[in-house]
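[1] Quick one: sequence and predicted model below, then my questions.
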Amino acid sequence: FDVKLDATDPTTLVVVGPANPRPGALAGALVVDVSDPEAPVERAFYETSYPIHNCFVRDGVAYLTANDGDRNPLVLLDVATGDELGRFSLVDVDETWGEVPTPLRSVHDVFVRESTAFVALWDAGTWIVDVSDPTAPRGIGSVDAPDPSALAELSRERARRESTLPP
């Protein structure tokens, strides 16, 4: 459901999906060498236990939106080996985020500029993450992030409705 060229190596293409949970469906990241666009070559496929809505690729690292229904992390994956390098989750920033219904803090999209990731987390705002060390991504700020305790107080029905409304 998303396709990205590595921002620093346009011969590497990553294809991810599915975007949403699908029971029994294969989920993961396909890495393709597109140095010859007329003859792309599959390098690898890395299966995941979570759907991937969007991704970004830079410097050989794929940044995957891992809506696992629990911590909903941003997962950093080495495209050469398939090794998971690190994760960033709001629950690591403040445990109260773990009490917020996951649809309100789904990892919707990611963009990486140099060593900074910008992560759109639906009703939880946009988070700025230092990814200079891919094994230890850390939040350094946010834009429009509400108090998680206010979102945690919403009923399940209200949270579901809220997650479908524009801001």
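    Here it is on my side, so go on.
[2] use CA for all of it now, contacts and neighbours both
    Noted.
[3] Which residue ranges of the protein form strands?
    2-6, 9-17, 28-33, 41-47, 52-58, 61-66, 74-78, 84-88, 109-113, 116-120, 126-130, 138-143 (DSSP state E).
[4] so which of those is the most packed in?
    Compared across the strands of the chain, strand 61-66 shows the largest average neighbour count, a mean of 27 (mean count of other Cα atoms under 10 Å).
[5] want to throw the strands of the chain into a markdown table with distance to residue 154 and mean pLDDT?
    What follows is the strands of the chain, written out as a markdown table (distance: least, Cα to Cα, whole Å; pLDDT from 0 to 100):
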| stretch | distance to residue 154 | mean pLDDT |
| --- | --- | --- |
| strand 2-6 | 31 | 96 |
| strand 9-17 | 30 | 96 |
| strand 28-33 | 32 | 97 |
| strand 41-47 | 34 | 96 |
| strand 52-58 | 25 | 96 |
| strand 61-66 | 23 | 98 |
| strand 74-78 | 24 | 98 |
| strand 84-88 | 24 | 98 |
| strand 109-113 | 24 | 97 |
| strand 116-120 | 21 | 98 |
| strand 126-130 | 20 | 98 |
| strand 138-143 | 21 | 96 |
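[6] Can you add distance to residue 156 and give those strands back as CSV?
    Formatted as CSV, the strands of the chain follow (distance: least, Cα to Cα, whole Å):
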stretch, distance to residue 156
strand 2-6, 29
strand 9-17, 27
strand 28-33, 29
strand 41-47, 31
strand 52-58, 23
strand 61-66, 21
strand 74-78, 24
strand 84-88, 25
strand 109-113, 24
strand 116-120, 22
strand 126-130, 23
strand 138-143, 25
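[7] what residue lies at the spatial centre of the protein?
    residue 65 (1.7 Å; Cα atoms, centre = their mean).
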